[in-house]
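Asks: only geometry, no sequence info:
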């Protein structure tokens with residue numbers, strides 16, 4: 001395979017890093033409802049909102065799998081698009 005063919009077969013990863021400043025209603029919900037988010041492979045949320053009872057992050061019914069440690073002091077939440085295969 002020559003260099004030109006290799007370039008045609010490579011695909012990048014679309015990553016979005018977003019600081020929501022612990023705001024679920026004003027920022028996080030709207031972010032997950034944005035149709036442009038479907039183009040993102042990995043979503044990294046800085047200063048995520050945390051549920052004060054379960055300490056989990058925002059669990060939208062979106063097309064993303066949350067990948068996180070359940071902890072009230074978590075400073076980053078990572079979400080992987082469900083179109084990308086993951087292991088359980």
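Replies: Looks like it came in fine. In this text the structure is predicted, and so the values were computed from the model without any measurement.

Asks: mind listing the strands in the protein by residue range?
Replies: Using DSSP state E, the strands of the chain run over 15-19, 42-46, 64-67, 76-81.

Asks: If you compare the directions of the first one and strand 76-81, what angle comes out?
Replies: For the pair strand 15-19 and strand 76-81, the angle between their directions (axes from the mean of the first three to the mean of the last three Cα atoms, to 10 degrees) equals 150 degrees.

Asks: Parallel or antiparallel, list what pairs with strand 15-19.
Replies: In the sheet, strand 15-19 lines up against strand 42-46 (parallel) (DSSP bridges).

Asks: Pull out the buried residues from the partner strand.
Replies: Buried positions in strand 42-46, judged by neighbour count with 16 or more other Cβ atoms under 10 Å: 42-45. Every C-beta, even on glycine, is put in place using the N, C-alpha and C of the backbone.

Asks: Show me which of these has the smallest pLDDT value.
Replies: Lowest pLDDT among the buried residues of strand 42-46: residue 45, with 85.
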